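**Q** Give me coordinates for this.
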Amino acid sequence: MSHSSFFLSRRHFLQTTLAGATAVGFHGSDAAAQGRSETLLVVQELGPNSLDMQGVGSNQTVNGLSWNCYDRLLTYASKTLPDGTLSYDREKLAPELAESWEAAADGMSCTFKLRKDAKFHDGTPVTSSDVKWSFDRAVKVGGFPTFQMSAGSLEKTEQFVVVDDHTFRIDYVRKDKLLLFNVAVVVPFIINSQLAKKNATPEDPWALSWLKNNEAGGGAYKLDSWKPGTETVLTRFDDWKSGPLPKIKRIIMRDIPSAGTRRATLERGDADLSSGFAPRDFDQVNKDGKVKVSGVPIPNALWSLALNTAKPPFDNVKLRQALAWAMPYEQIQSSAFFGRAVPMYGGPTEISKPIWPQPFPYVTDLDKARALMKEAGFETGFETTLSLDTGTATVGEPTIVLIQESLAKIGIKADISKIPGANWRTTLNKKELPRALNRFSGWLDYPEYYFYWNFHGNNSIFNISSYQNKEMDKLIDKARFATDAAEYETTVKAFIALCMRDVPVIPLNQPIHDVAMQKNIGGYEFWFHREPDFRQFTKG
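**A** Model (predicted):
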């Protein structure tokens, strides 16, 4: 099966050395020098709002905490990008808690052999019963985790079988090429079930309340302390057996909302790693060369303007097309993103490759926009709102202001509604916003996976356009389970063409994930969840 090349464009990884970088709180002495070499200080905009990424409303950084403090059965192998950055390899799986796995001859189950020496952080041995409880939880807890599991046909507790203490089996409900890859994403992490069950209640059988504030993992790092909104500290779990023991013993993550303060802290040498600056800052940091920057286009990701297709006026396809011709694409790319994104406009009208994301054929053409407005019956214009997540204001605010100005030229008066980051996901899930500037990235890098989440009639929480089209559903389902490469390619091209014609969202660009770090930091690896994997880091 042919797939898109993983990265569309790359930023240069600066390779030089920095003398005299010091971390906060270390002075003099050999012991301090050793402590500094074994401690990683991260400054981040927003720390975890929970310790359980399966809990309702958990934020992006909880994914990173889960990744480092819990194991999964499998993980992804690594590969090296052209500039020397390590990245996960979306095509290859590697052992983690399971030291080996074998698919049945009929392709309808897979058996996993667990490491016999694996322990949880409290010293309890890890068994297949813990794996079963954790998988049962993921398919039963509801919301995002359960939908994520279903994206790999992991749907019922009966599929998860304890063969013996160290043998676990997954029975398939259907053949699904994404099933095993889905076992290696963030959601099916392995919980110390004895500990969780002690803290569960009849009303809360999956210990959601307790796990929100307590960590019960067996990953390479354990939680040392957590002060929400201030600091999270992890220490290495020296009994970890699911991979090579990490070089870094202690991770200190400080929450500093101001990007300017984070940048200054990093450039002074008082922190080791940061991300989440504005593209303007990354552009400048890159040019200054005091620290090194890795910029990777996020696979299966888009910044787009979502249009609510379930309610007037955006239930009108001609009006949606009019808006697509009215976006100020080039201005957004240059003055909101400083070129640090892959353009998703001005593409060919014919789809030649089954690749997602790929540029839509629209460009800024106000005459075409006005003509379509007239055809749609909106010649005199109308009033509406544009919604923005304030947590993404660094690029979101200049983008939405440019959109507002451009729409005014075709008679659309749009008020900007700023929604606090903490409430953004909950507000989106209600699917009542007429138009929302949003960023979505699919963990598994397959076009049908992105479309399953965003445009399928089963109306997942991420289908914020409330887009319903039976033809689209048929094409997505066909691609998900196609075994013939030619049929797969034809089907993917058909659903992308339908999306370009129906415009449930207007793609603006493919975001680049930028991370800045001291020049003595090695082992940074780009992951689909966009959080640092501290297990790989080294410090020179």
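
**Q** if I pick the nearest residue to Lys493 once chain neighbours are set aside, what's in contact with it?
**A** Of all residues not flanking Lys493 in the chain, Ile351 sits nearest, at 4.4 Å (Cβ to Cβ, 6 or more residues apart in numbering). Just so you know, the C-beta spots here come from the backbone N, C-alpha and C atoms, and that holds for glycine as well. Neighbour list for Ile351: Gln358, Lys493, Ile496, Ala497, Met500 [criterion: Cβ atoms under 8 Å, 6 or more residues apart in numbering].

**Q** Repeat the analysis, applying 7 Å as the threshold.
**A** Residues in contact with Ile351 (Cβ atoms under 7 Å, 6 or more residues apart in numbering) are Lys493, Ile496, Ala497.

**Q** Looking at these, spot the one nearest Asp165.
**A** Ile496 (47.0 Å; Cβ to Cβ).

**Q** tally of neighbours for that closest one?
**A** 21 (other Cβ atoms under 10 Å).

**Q** Tell me which residues touch it, please.
**A** Ile496 touches Ile351, Trp356, Gln358, Pro447, counting by Cβ under 7 Å, 6+ apart.

**Q** likewise Gly243?
**A** Glu96, Ala220, Arg535.

**Q** Let's have these in TSV, adding secondary structure and neighbour count.
**A** Listed next are those as TSV, based on DSSP: H, G, I helix; E, B strand; the rest coil; neighbours: other Cβ atoms under 10 Å:
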residue	secondary structure	neighbour count
Glu96	coil	20
Ala220	coil	26
Arg535	helix	22
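
**Q** Looking at those residues, spot the one nearest Gly143.
**A** Glu96 (24.7 Å).

**Q** quick one, strands of the stretch 101-250 of the chain?
**A** Using DSSP state E, counting those that start in this stretch, the strands assigned to the stretch 101-250 of the chain run over residues 109-114, 160-164, 167-171, 221-227, 231-236, 250-255.

**Q** The ones you listed: which one's closest to Lys177?
**A** Comparing these by their distance to Lys177 (Cβ to Cβ), the top pick is strand 109-114, with 12.7 Å.

**Q** got the angle for that closest one vs strand 167-171?
**A** Taking axes from the mean of the first three to the mean of the last three Cα atoms, to 10 degrees, one finds strand 109-114 and strand 167-171 inclined to each other by 160 degrees.

**Q** which secondary structure elements does strand 109-114 contact?
**A** Packed against strand 109-114 by the contact rule (3 or more Cβ pairs under 7 Å, 6 or more residues apart in numbering; DSSP states H and E) you find strand 98-103, strand 167-171.

**Q** could you point out where the protein is predicted with low confidence?
**A** 1-34 (pLDDT under 70).

**Q** In it, spot the strand with the most residues.
**A** The longest strand of the chain (DSSP state E) is strand 505-517.

**Q** What lies in contact with whichever helix or strand comes after that strand?
**A** Tracing the chain past strand 505-517, the next element assigned as helix or strand by DSSP states H and E is strand 521-522. By Cβ under 7 Å, 6+ apart, the list of residues contacting strand 521-522 from outside reads Asp272, Leu273, Phe537, Thr538, Lys539, Gly540.

**Q** which strand residues sit across from the fifth one in the sheet?
**A** Counting by DSSP bridges, Lys539 forms beta bridges with Ile521.

**Q** tell me the contacts of it?
**A** Residues in contact with Lys539, defined by Cβ under 7 Å, 6+ apart, are Ser37, Leu40, Ile248, Asn520, Ile521.

**Q** Next one: the last one relative to Thr538, how far apart?
**A** Think Ile521. 7 Å (Cβ to Cβ, to the nearest Å).

**Q** of the two, who's got more company?
**A** Each of Ile521 and Thr538 has its neighbours counted (other Cβ under 10 Å); Ile521 has more, 21 against 14.

**Q** Isn't Glu96 up against Tyr70?
**A** No: counting by Cβ atoms under 7 Å, Glu96 sits too far from Tyr70 to count as a contact (10.1 Å).

**Q** ok so, going back, who does the longest strand of the chain touch, helix- and strand-wise?
**A** strand 273-275, helix 279-288, strand 292-297, strand 301-307, strand 341-343.

**Q** picking up where we left off before, by neighbours, which of the contacts of Lys539 wins?
**A** Counting by other Cβ under 10 Å, top hit in these: Leu40 with 27 neighbours.

**Q** Please, which helix or strand holds that one?
**A** Assigned by DSSP H and E, Leu40 belongs to strand 39-44.

**Q** I would like the residues contacting that strand, please.
**A** 23-24, 61, 248-256, 262, 265-266, 271-274, 276, 532, 534, 537, 539.

**Q** try stretch 153-163
**A** Residues from elsewhere that reach stretch 153-163, judged by Cβ under 7 Å, 6+ apart: 111, 128-129, 132, 135-136, 139-140, 149, 168-174, 176, 179, 182.

**Q** now that stretch: how far from the chain's centre is it?
**A** Here stretch 153-163 is found 25 Å from its chain centre; the criterion is Cα atoms, centre = their mean, to the nearest Å.

**Q** what about the closest residue to Tyr329 other than its chain neighbours, neighbour count?
**A** In space, and not counting its chain neighbours, Tyr329 is closest to Tyr345: 4.2 Å by Cβ to Cβ, 6+ apart. For Tyr345, the neighbour count with other Cβ under 10 Å is 20.
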